[in-house]
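1. structure of the sequence below:
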Amino acid sequence: MTADNDPNSDEPVELTSALNAPGPVRLSLAVYDRIIDLIAEGQFGLNQRLPSEARLGELCGASRPVVREALARLREDGVIVSRKGSGSYVQRQPAATLLEPTTMGSIADVQRCFEFRTGIEAAAANLAAGRWETEDMRRIDKAMAAIDACIARGDLGADQDSLLHEAIAEATHNQYHAGLQRQLRQHIRIGMKISRTLTLHRSRDRLQQVQSEHQAIVEAIRARDADAAGTLMREHILAARRRMFEGVDR
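-> Purely as a prediction, here's the structure:
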């Protein structure tokens, strides 16, 4: 296994290898990926209207119901937006330099992992705020300091990011939250690497923005504000999901 494939490596990932995950892909997800590919290539530009469902079906070799499901997922992920009576328009255009070499079949899988994490980790942060003990906060603060050090060096910091989320799950003192976080570690770290790699291509300020989101979550947990901790964690993961499709070429 190369460093690019290793979820325990903290090197910036080449998206080609990070996304080559095995396993079957539903047809609607394959269409989802194909449309993103066309957008990244510039065939459908920013703010441009997409072809009709029938035409997209011809381009992708799929039925209209399958295309319709793929478009719904693209809307959920903020890539396109629908305008009543007009059609679907490109709202975000991923950077072609990062996405062109990618095997797109697992972009959808990474997005679905973010989707799953939104509810689970928001609940974990909520519980952690009410249950943390001194040692838990020590681990959380240690993980935060490690991410700060990565930002200062200009490193990716994906592994340290993952350890922060695991420390928060441990602070729930619920073995199911902690165990699930560990079981999903490889998938979560791949998503974090991709998101943080995209962020690194923009500016260090963007990594600092991610860390500011972390800081707000940690301070809410420290203050034992369960509602705020859960809300902030949910917003953080949704923001990370959106960052997947923020282009860096413009």
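2. and the next element down the chain from the lowest-mean-pLDDT helix or strand in the chain?
-> Between all helices and strands in the chain, the lowest mean by mean pLDDT, DSSP states H and E belongs to helix 15-18, at a mean of 32. Using DSSP states H and E, the helix or strand that directly follows helix 15-18 along the chain is helix 27-40.
3. from the chain's centroid, how far away is that next one?
-> Between the centre of helix 27-40 and the centre of its chain there are 17 Å (Cα atoms, centre = their mean, to the nearest Å).
4. separation between residue 40 and residue 26?
-> Per Cβ to Cβ, to the nearest Å, residue 40 is found 21 Å from residue 26. Yep, even glycine has a C-beta here, placed from its N, CA and C like the rest.
5. more neighbours, those two?
-> residue 40 (23 against 12; other Cβ atoms under 10 Å).
6. so residue 232 makes contact with residue 125?
-> Yes. With contact defined as Cβ atoms under 8 Å, residue 232 reaches residue 125; the gap is 7.2 Å.
7. mutual contacts of the two, please.
-> Common contact partners of residue 232 and residue 125 (Cβ atoms under 8 Å, 6 or more residues apart in numbering): 217, 220.
8. those two: who's more crowded?
-> More crowded of residue 232 and residue 125, by other Cβ under 10 Å: residue 125, with 28 against 22.
9. residues in contact with that one?
-> 168, 217, 220, 221, 229, 230, 232, 233.
10. do residue 137 as well
-> Residue 137 sits next to 171, 221, 222 when contact means Cβ under 8 Å, 6+ apart.
11. please list only the buried members of these.
-> Listed as buried from the contacts of residue 137 are 171, 221; burial here means 16 or more other Cβ atoms under 10 Å.
12. among the contacts of residue 137, which are located in helices?
-> Among these, the ones falling in helices (DSSP state H) are 221, 222.
13. residue 131: which of the contacts of residue 137 is nearest?
-> Proximity of those to residue 131 (Cβ to Cβ) peaks at residue 171, which lies at 6.5 Å.
14. can you list the low-confidence ranges for the chain?
-> Scanning the chain for pLDDT under 70 picks out the ranges 1-25, 95-106, 197-204, 246-250.
15. for it, just list every one of the strands.
-> Along the chain, the stretches classed as strands by DSSP state E are 80-83, 87-90.
16. for residue 184, find the nearest of those strands.
-> Residue 184 lies closest, by Cβ to Cβ, to one member of the strands of the chain: strand 80-83, at 28.0 Å.
17. show me what the closest one is packed against.
-> If you count contacts as 3 or more Cβ pairs under 8 Å, 6 or more residues apart in numbering; DSSP states H and E, strand 80-83 packs onto helix 64-76, strand 87-90.
18. now those in TSV, with mean neighbour count and distance to residue 163?
-> Shown next, in TSV, are the helices and strands packed on strand 80-83 (neighbours: other Cβ atoms under 10 Å; distance: least, Cβ to Cβ, whole Å):
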stretch	mean neighbour count	distance to residue 163
helix 64-76	18	29
strand 87-90	18	36
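19. much appreciated, bye for now.
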